[in-house]
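In: This is a predicted model, with the sequence first.
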Amino acid sequence: MNFSSFLLMRHEILLLAIILLLLIGEIFINSNKKSSIVHLAIFLFGIHTAIGFLAIEESSLFGGMFRTNNLIHFFKNVLNIGVFILLLQSADWLQEKIVTQNRGSEFFILLFSSLLGMYFMISSGDFLMFYLGLELSTLPVAAMAAFETTKRKSSEAGIKLILSAAMASGVSLFGISMLYATSGSIYFNDIIEVISSTNLTILGFILFFAGLSFKISLVPFHFWTADVYEGAPISVASYLSVISKGAAVFIMMILLFTVLKPLMHVWENIIYVIALATMFIGNLFALRQQNMKRFLAFSSIAQAGFILLGLITGTQLGTATIVYFVMIYIFSNLAAFGVVQAISLKTGKENMSDYEGLYRTNPNLSLVMMLALFSLAGIPPVAGFFGKFFLFTAAASKGYYLLVFLAVVNVTISLYYYLLVIRAMFLRRSENAIPYFKNKLYMRLGLLITVIGILVIGLYSPLYEYIYELSSIFN
Amino acid sequence: MDILSLFIVVPVLTILALVFTKGLKQARIVSMIGSFVQLGMAINLVFAYFKEKAINDNIMVFTKDLVWFKQFNIHYNIGVDGISVALLLLTSIVVLAGVFISWKMKDLPKEFFVSLIVLSSGVYGFFISLDLFTMFVFFEIAVIPMYLLIGIWGSGPKEYSAMKLTLMLMGASAVLLVGILGIYFNSNADGGELTFSIMEIAKVNIPFEAQKLFFPITFIGFAVIGALFPFHTWSPDGHASAPTAVSMLHAGVLMKLGGYGVFRVAMFLLPEGAMHWSWFFIILAATGVIYGAFSAIKQTDLKYINAYSSVSHLGMVLFALLMLNKTSWNGAILQSLSHGFMTALFFALIGMIYGRTHTRDVTKLGGLLKVIPFISAIYVIAGLASLGLPGFSGFVAEMNIFVGAFEHEDMFYRIATIISVSAIVVTAVYILRVVGIMLMGPVKNPEFLNLEKVTWYEKTGILLLLIPIVGMGVAPLWLSNMILKSLEPFIQGVL
């Protein structure tokens, strides 16, 4: 092992360096200019994101504990972009609310640690590394959820998240230990060779799967979602619903399509049922939500159900469509959360009824929201349509027509509640509509990037082709 | 730039130009210019089509094929035959007329015209697409602006109607998606590649089992927007709440996507499925024809009368398509065109009457012929065209439909035809009743005596629609020939 092989961990090392820099940097920052920590963090993370796009070798480290390939590398970049947008969108909130309490660097350190955990999780080559990554990605988020210490709901969200997350990790770990018991190894490569569908293996798999489902908030492991999203600061809710979920989906896909592939006849059926339950429950609960954060929470549960339609295939097509969809989902959901964030920060209003007449006062914000919701609902020509269509195609390629049919029924249900928001913004007029306000530069930039993503990713087909080629490792 | 892609490029440019406009005056001028260019292109296309057809014997002409998503074999594949050319012409005329009718749109004019043009671009794209995926994309682009158009600028229970319409149509398109995927994954039945290309799939013998399963799904997916009974309920509410120009586009153009899709996709690609299921859908279509006509009798709101009349007339289109022979297919296309112009004209007139009298209730109106003679006279003409008087477009269409339908010697077809034909009589009842109450007789309300005279932009809009109605009635042959020639390959494919 020489120094250059550490370059495989470039993402991780750089991010660690940023965490340390921020920690030290805070000491040197003049107390009159406390908010410069936000600029510094965004600047450093921007560089990190840009460096991430440099090519990387495909190899593994530490005897196979850590591995990377182009698809994993690509996905880390997607996560980076997501977090970068998130930072831009939460900059104002941090400057106004958090930095003034001298807790700016704290937030960034927690956030970046969690991201670091995700890097390790999706790069893991054995269950130990996977578990470490999982824990590292979850625990800081619980602290972040409770970040607005003055609000009771925020603390409640933190406690709820940490308790359910601990429970889920425990269950997951129990499952892993059973898999270890039957296969005699924790290395993915060894397990693939010996795994067979004995009862204990299946039980181990189910427990493991349940633990991971919690992170993706699949039904019936979704109960924490709405409460945590509602209580947590919007940036954190947005992070949970987008980045955290995306990474968990990705690692679940890798594990199912490689290590657990011999158990496909088992997980096919499980995913079939869970997909239906997740879509229906997510959508039906979203219908009556008034709080925008709860609304987006249930909408994101339903979206996870759609992702399972790609997961059920176990093919290269499935992989490509999932990665593509998750990427689109990151942009769309960040756009929606961004608007909620902007409005909440200026006015403190978070209910759907507060959005009435928004178009006449704030046309640009409303248009961003409309694009985001259309993308989530899957209406052409915005990206979400392509993502969903391809997911359905993947499921249909395996002959799951009934599942696809029920999924499109769900698309129609979801359209109803997405249109409710559009109705409030565009159709209604209101005496006390939110007055016109101008967003700061960071927020505008954050929203602009998401809008470009939503508009371009779908229509620009080479991107999908690139992802498809990267996915060939699952062929 | 090829002649067909312009049909998408010009609306997009119009929309971009509209974004930079300020106020009603600029917005309407820009939209008018854009729509005028579209109309010019459509007329040019008709001539170009005849010229091209003389030297080019392909089914589709002006084709262009670009790969979009390689892995799925999705192409941007466009081309037209006589049927699409005729429908493009219809669309461009109705859109331009719609812009004229909305000349005085006060509330959020820019957004209104943007939505209107987005809708029209979806329709244009739909008619020129030869790829199922692209077609589906344009289909949804055409539907979704309706939500805003009805919801923001509509009247009455507009939020309810807009939501109902959008959900039903998008639900139908979701069902359609399953049908399209089913066709796609059976397009390699002869050992070729999976493809979305309509002309490629038409050459493939899709297994009968798959046809049997996916024909009804695809058919219903398209036919909902063609107001197939019992999925028509979105249409009357939608029409009644929509602003005038939107009703025109909606009834005149958007509902034609249904018949066109049924014809070009469901029947062309799944012919055996069509044979297998035709009896079932004939029952539904015939029920729609009769049901729509009788419902129209009972209505007093002018817009509802026309909405139900549309259900009846478009039921006839589906009915004729299901008859699976050349004469009735020709009739179906002609009926689509004729109904498009006629209903658009009706809704334009209703909008004008409503704008002046502030009521659409027939029982409260009376003697309009004396106070607004121009509008009233045109209303009579439109009514006569609608009930199929010779000399107007409706007659040519209905004649073809029923002659074609009667070619079947089977008892079931005969009975269904007779039932449908009887709807013509009912049509006469509700049209003449409205004409009698609303236009003739004494002026019921003294306020009606000083109604505003018809303005130049209204006249332009009306004339744009009236000319084709009379034109089709007096000289239907060139159109009918163009359509018949384009039907040949479909006849060979299906029968």
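Out: Yep, it's here. Note that the coordinates shown come from a computational prediction; the quantities given were computed from them, not determined experimentally. Numbers count the residues shown, from 1 in each chain, chains lettered A, B, ... in the order given.
In: how about A:Gly46, what does it touch?
Out: Applying Cβ atoms under 8 Å, 6 or more residues apart in numbering or on different chains to A:Gly46 gives the contacts A:Phe84. Backbone N, C-alpha and C define where each C-beta goes, glycine included.
In: count of neighbours near residue 362?
Out: Here I'm looking at chain A. 25 (other Cβ atoms under 10 Å in any protein chain shown).
In: That was the other one, I meant chain B.
Out: Counted by other Cβ under 10 Å, the residues lying close to B:Val362 total 18.
In: what do you get for B:Met411?
Out: Counted with other Cβ under 10 Å, B:Met411 comes out at 8.
In: Was I right to think A:Cys52 contacts A:His11?
Out: No Cys there; residue A:52 is Gly. Yes - the criterion here is Cβ atoms under 8 Å, and A:Gly52 meets it with A:His11 at 6.1 Å.
In: shared neighbours, these two?
Out: When contacts are counted by Cβ under 8 Å, 6+ apart, A:Gly52 and A:His11 have A:73, A:76, A:80 as shared neighbours.
In: Would you agree A:Ala297 is in contact with A:Phe223?
Out: No - because the distance of 11.0 Å does not satisfy Cβ under 8 Å, A:Ala297 is recorded as not touching A:Phe223.
In: returning to what we had before: JSON lines please, covering the shared contacts of A:Gly52 and A:His11 and showing distance to A:Lys151, neighbour count and pLDDT.
Out: Formatted as JSON lines, the entries for the shared contacts of A:Gly52 and A:His11 read as follows, by distance: Cβ to Cβ, whole Å; neighbours: other Cβ atoms under 10 Å in any protein chain shown; pLDDT from 0 to 100:
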{"residue": "A:His73", "distance to A:Lys151": "39", "neighbour count": "22", "pLDDT": "89"}
{"residue": "A:Lys76", "distance to A:Lys151": "33", "neighbour count": "25", "pLDDT": "92"}
{"residue": "A:Asn80", "distance to A:Lys151": "30", "neighbour count": "23", "pLDDT": "93"}
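In: Looking at the residues you listed, which are in helices?
Out: Restricting the shared contacts of A:Gly52 and A:His11 to those inside helices, with DSSP state H as the criterion, leaves A:73, A:76, A:80.
In: The last one is in contact with A:Ile51, isn't it?
Out: So the one you mean is A:Asn80. No - taking Cβ under 8 Å as the definition, A:Asn80 is not a contact partner of A:Ile51, at 9.5 Å.
In: Give me the below-cutoff pLDDT ranges for chain A.
Out: For chain A, the stretches with pLDDT under 70 are A:1-2, A:474-475.
In: Contact partners for the closest residue to A:Asn77 other than its chain neighbours?
Out: The shortest distance from A:Asn77 to any residue that is not its chain neighbour, by Cβ to Cβ, 6 or more residues apart in numbering or on different chains, is 4.8 Å, and that residue is A:Gly52. Counting by Cβ under 8 Å, 6+ apart, A:Gly52 makes contact with A:10-11, A:73, A:76-77, A:80.
In: Count the neighbours of A:Ile47 for me.
Out: Using other Cβ under 10 Å as the criterion, A:Ile47 is surrounded by 12 other residues.
In: A helix includes it, no?
Out: Yes - checked against DSSP: H, G, I helix; E, B strand; the rest coil, A:Ile47 lies within a helix.
In: In chain B, what residue lies closest to chain A?
Out: Taking Cβ to the nearest Cβ as the measure, chain B has B:Ala174 as its residue closest to chain A, at 3.5 Å.
In: Same question for that residue, what's its three-state structure.
Out: On the basis of three-state DSSP, B:Ala174 is classed as helix.
In: you'd agree it is up against A:Ile413?
Out: No - because the distance of 10.0 Å does not satisfy Cβ under 8 Å, B:Ala174 is recorded as not touching A:Ile413.
In: Those two - which one has more neighbours?
Out: More neighbours surround B:Ala174 than the other of B:Ala174 and A:Ile413, with 23 against 20 (other Cβ under 10 Å).
In: show me the contacts for the residue lying closest to the more buried one once chain neighbours are set aside.
Out: Counting by Cβ to Cβ, 6+ apart, A:Val408 is the residue found nearest to B:Ala174 once chain neighbours are left out, at 3.5 Å. Counting by Cβ under 8 Å, 6+ apart, A:Val408 makes contact with A:392, B:174-175, B:177-178.
In: next one: the helix or strand hosting A:Val408 to chain centre, how far?
Out: Using DSSP states H and E, A:Val408 falls within helix A:401-422. Here helix A:401-422 is found 21 Å from its chain centre; the criterion is Cα atoms, centre = their mean, to the nearest Å.
In: List the buried residues for it?
Out: Of all the residues in helix A:401-422, those buried under the rule 16 or more other Cβ atoms under 10 Å in any protein chain shown are A:401, A:403-422.
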